[in-house]
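Engineer: Compute the structure for the input listed below.
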Amino acid sequence: MLIGLAIRDLVLIEGLDLSFGPGLTVLTGETGAGKSIILGALGLAVGARAEPSMVRRGAAQASTSAVFAPETNRVVWPFLEASGLACPVDEDLVLRRTIGTDGRSRAFVNDEAVSIGLMRNLGALLIEVHGQHQTVGLLDARGHRALLDAYAGSADALGDCAGHWSRWRSAAEAASRLSADHERAAAERGELLDRLADLDRLAPRADEEGGLAEERRLLGSAEKTLADIAAAREHLGGDNLTGRAAQALRALERARDRLGSAGAAQDSAPVRRIVAACEAADRALVELSETAAAIDAAAAQFSFEPDHLERTEERLFALRAMSRKLGVPVAELPEERTRIAQRLLAMEGADTELAGAEAEVLAVRKAYDSSAVVLTALRVGAAVRLTAAVLAEFPPLKLDKARFRVNVATEPGATGGPFGADRVEFEISTLTGAPFAPLGAIASGGELARLALAIKASLASRVTGAQPVLIFDEVDQGVGGAVADAVGVRLRRLAYAAQVLVVTHSPQVAARADAHWRVGRVGDKATARTEVEVLEGQAREEEIARMLSGARISDAARAAARALMHA
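Structural biologist: Take a look at the predicted model:
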């Protein structure tokens, strides 16, 4: 609901503060008094185009502020949240606009600077304007579906449809991800199988690389060591050296025996020397035999196959080549084999998972389609009722030649959305035999305003609360008598369900208001300014009588005014 409007230095208004209440508020006054300025100020506050000429002569800038108290269930709050504006739902919403003489304009929401585009989009949620020169809100076919749904009372069906839509989209996205994974898996399955076969042939073992490297080092040094041992054995001369040592020992023994036969004393120096030589030769012979045996024993310790080193190197090189190919350390090759096997096993399970996901998509799509069909049926039924209701409003509003329909179109095979698969649009034909066309195709502003009133009045019987402020600018233009009275009746009825602001020259409309303001111009041409007077009681009766009879108010006009006010 609009609760306040503050205007400063705008055209003929120096300063004006207006407070609005619920129901029907009418603005009356002579042509040119400034009623349009007030509506223009409200329009500026909700994003209308600004011009430098709007700034009052002598002022540096003009400003206008509109204060709203939107219902908590309005779409205003989600819009503000999505726009990054923190506005508690239990506080008033203030839209402010400034215009400089240089044409620069600034917009604020609760004193936070915003773009004019954001303010305009927010204003579209707060106000609908229907008048001689513009109709905002009802002409936008994007809002017709919501109006029809509210008229149909389809909130539960909408909730079901939106829920099924959300589950369908989630299931479809999950299935899409699985399908993409499946395609990628199919592309890499062959490669994984080849890698697994290579690893199975290689059969790597944990910590094998270190053992092979150590064995390679040992085998490399063992060959050289064995060659050195063989050289040592060769230098001993094989058995010839031992034989020669034995011969030397026997020759020494013969020499010892000859000395004894010749009678040489055993303790004589020559005998002792020969005996010592015999003993040394005997020891040398024993040592030579032991040395040869030790060399032979050492050589026996290096007994290995001639190609053992080659095979060890081939195994080590094969492991390292597989490591480079797979991009993992040699030590992790056994784990990589396990990972590949598990990946292939998961691919087999993914087929089953994908089939289940696709089945889920079909199931929730079927549920969505069923809920959309229910919603379509509700809309079609409501469209018939709303069409009849609007057509019943036409004759009293001098629209008896017009035809109206609510077009509910469902595209065959349409994927739809959270609100179903229907496109809803209000269509009109104002000439006999003319085809139906969108509401905006109507040329006559007054006719369009009365049409909007007929539609809004018909919707009011079922759509209550959470509606924008409705503004009708001279909706009664060009009509009078019974038609003007019919306009007043419908505006009054509409005001039970929404806040309505009307600029009117019709006493029949003014007489049905909850609040009556008279807009007038005071001062001369150089100092002219617009003022607003709240009329009550006798003052209001005088204004309605003036509207009935003109400048000279008769008693008959006053009586007629009282009759209208109490009708």
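Engineer: need the contact list for the residue lying closest to Ser154 once chain neighbours are set aside.
Structural biologist: Spatially, and ignoring its direct neighbours in sequence, Ser154 is nearest to Leu378 (4.6 Å; C-beta to C-beta, 6 or more residues apart in numbering). Placement of C-beta: from N, CA and C, glycine included. The neighbours of Leu378, taking C-beta atoms under 8 Å, 6 or more residues apart in numbering as the test, are 149, 152, 154, 157.
Engineer: Is my assumption valid that Leu378 occupies a position in a helix?
Structural biologist: Yes. Applying DSSP: H, G, I helix; E, B strand; the rest coil, one finds Leu378 inside a helix.
Engineer: Quick check, pLDDT for it.
Structural biologist: Looking at Leu378, its pLDDT stands at 94.
Engineer: Over to Arg216?
Structural biologist: 69.
Engineer: try Ala383
Structural biologist: With respect to pLDDT, Ala383 scores 93.
Engineer: The one 4 residues further on too?
Structural biologist: On pLDDT, Thr387 comes in at 93.
Engineer: Against Leu448, how distant is it?
Structural biologist: Distance of Thr387 to Leu448, given as C-beta to C-beta, to the nearest Å: 18 Å.
Engineer: what about those two, which has more around it?
Structural biologist: A count of neighbours by other C-beta atoms under 10 Å puts Leu448 above the other of Thr387 and Leu448, at 24 against 18.
Engineer: so which helix or strand takes in the more buried one?
Structural biologist: Per DSSP states H and E: Leu448 is located in helix 445-460.
Engineer: What residues of the following helix or strand past that helix count as buried?
Structural biologist: Per DSSP H and E, the first helix or strand lying C-terminal to helix 445-460 is strand 469-473. Buried residues in strand 469-473, defined by neighbour count with 16 or more other C-beta atoms under 10 Å: 469-473.
Engineer: One more: stretch 421-436?
Structural biologist: 421-422, 424-430.
Engineer: do you know how far the residue nearest the centre of the chain is from Arg145?
Structural biologist: Against the mean C-alpha coordinate of the chain, by C-alpha atoms, centre = their mean, the closest residue is Ala82 at 11.2 Å. Look at Ala82 and Arg145: by C-beta to C-beta, they are 20 Å apart.
Engineer: and if you look at Ile274?
Structural biologist: Ile274 is 136 Å from Arg145, by C-beta to C-beta.
Engineer: Which helix or which strand is home to the residue lying closest to Asp351 once chain neighbours are set aside?
Structural biologist: Once flanking residues are discounted, Asp351 sits nearest to His182: 7.2 Å by C-beta to C-beta, 6+ apart. Under the criterion of DSSP H and E, His182 resides in helix 155-202.
Engineer: Distance from stretch 64-81 to the middle of the chain?
Structural biologist: Offset of stretch 64-81 from its chain centre (C-alpha atoms, centre = their mean, to the nearest Å): 23 Å.
Engineer: beta partners for Glu112?
Structural biologist: Val109 (DSSP bridges).
Engineer: give me the number of residues near it?
Structural biologist: Using other C-beta under 10 Å, Glu112 has 12 neighbouring residues.
Engineer: Correct me if wrong: it contacts Leu85.
Structural biologist: Yes. Using C-beta atoms under 8 Å, Glu112 is in contact with Leu85, at 6.2 Å.
Engineer: What ranges does the stretch 351-500 of the chain have for its helices?
Structural biologist: All helices of the stretch 351-500 of the chain, identified by DSSP state H, counting those that start in this stretch, fall at 445-460, 481-495.
Engineer: Any chance of JSON lines for those, columns distance to Ala230 and mean pLDDT?
Structural biologist: Shown next, in JSON lines, are the helices of the stretch 351-500 of the chain (distance: least, C-beta to C-beta, whole Å; pLDDT from 0 to 100):
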{"stretch": "helix 445-460", "distance to Ala230": "114", "mean pLDDT": "79"}
{"stretch": "helix 481-495", "distance to Ala230": "120", "mean pLDDT": "85"}
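Engineer: So which of those helices is nearest Phe20?
Structural biologist: With C-beta to C-beta as the measure, helix 481-495 is the member of the helices of the stretch 351-500 of the chain nearest Phe20 (12.1 Å).
Engineer: now for that closest one, which elements pack on it?
Structural biologist: strand 24-28, helix 445-460, strand 500-503, helix 507-510 (3 or more C-beta pairs under 8 Å, 6 or more residues apart in numbering; DSSP states H and E).
Engineer: now for the third one, which elements pack on it?
Structural biologist: For strand 500-503, the packing partners by 3+ C-beta pairs under 8 Å, 6+ apart come out as strand 24-28, helix 35-45, strand 469-473, helix 481-495.
Engineer: again, only this time at 6 Å
Structural biologist: strand 24-28, strand 469-473, helix 481-495 (3 or more C-beta pairs under 6 Å, 6 or more residues apart in numbering; DSSP states H and E).
Engineer: How is this protein partitioned into domains?
Structural biologist: Here the domain assignment for the chain is 2-153+394-535, 188-339, based on automatic domain parsing.
Engineer: ranking the ones you listed by mean pLDDT, which is last?
Structural biologist: Ranked by mean pLDDT, those end with domain 188-339 in last place, scoring a mean of 76.
Engineer: Could you tell me the end-to-end distance of that one?
Structural biologist: End-to-end distance for domain 188-339, by C-alpha to C-alpha, to the nearest Å: 14 Å.
Engineer: same deal with stretch 516-529?
Structural biologist: So stretch 516-529: terminal residues 20 Å apart, C-alpha to C-alpha.
Engineer: in stretch 178-192, what counts as buried?
Structural biologist: Taking 16+ other C-beta under 10 Å as the criterion, stretch 178-192 shows 178, 182, 185, 192 as buried.
Engineer: give the contact list for the first one.
Structural biologist: With contact taken as C-beta atoms under 6 Å, 6 or more residues apart in numbering, Leu178 is in contact with 354, 357.
Engineer: just Arg490 next, same as before
Structural biologist: The neighbours of Arg490, taking C-beta under 6 Å, 6+ apart as the test, are 453, 457.
Engineer: now swap in Leu386 and tell me
Structural biologist: Applying C-beta under 6 Å, 6+ apart, the residues near Leu386 are 151, 406.
Engineer: Which residue ranges of the stretch 1-150 of the chain form helices?
Structural biologist: With DSSP H, counting those that start in this stretch as the criterion, the stretch 1-150 of the chain has helices at 35-45, 76-82, 116-126, 144-152.
Engineer: Ranking those helices by mean neighbour count, which comes first?
Structural biologist: helix 35-45 (a mean of 24; mean count of other C-beta atoms under 10 Å).
Engineer: For that helix, enumerate the helices and strands it packs against.
Structural biologist: Using 3+ C-beta pairs under 6 Å, 6+ apart, the elements in contact with helix 35-45 are strand 2-10, strand 61-68, strand 93-100.
Engineer: Return the list of helices and strands in contact with the second one.
Structural biologist: Put plainly, it is strand 61-68. Packing partners of strand 61-68 (3+ C-beta pairs under 6 Å, 6+ apart): strand 2-10, helix 35-45, strand 93-100.
Engineer: what lines up beside that strand in the sheet?
Structural biologist: Using DSSP bridges, the strands paired with strand 61-68 are strand 2-10 (antiparallel), strand 93-100 (antiparallel).
Engineer: circling back to that earlier point, export the helices and strands packed on helix 35-45 as CSV, with columns for mean neighbour count.
Structural biologist: Conversion of the helices and strands packed on helix 35-45 to CSV gives the following (neighbours: other C-beta atoms under 10 Å):
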stretch, mean neighbour count
strand 2-10, 21
strand 61-68, 22
strand 93-100, 21
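Engineer: sorry, back to before: okay if I get the strands paired with strand 61-68 as a markdown table plus distance to Arg365?
Structural biologist: Listed next are those as a markdown table, based on distance: least, C-beta to C-beta, whole Å:
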| stretch | distance to Arg365 |
| --- | --- |
| strand 2-10 | 44 |
| strand 93-100 | 40 |
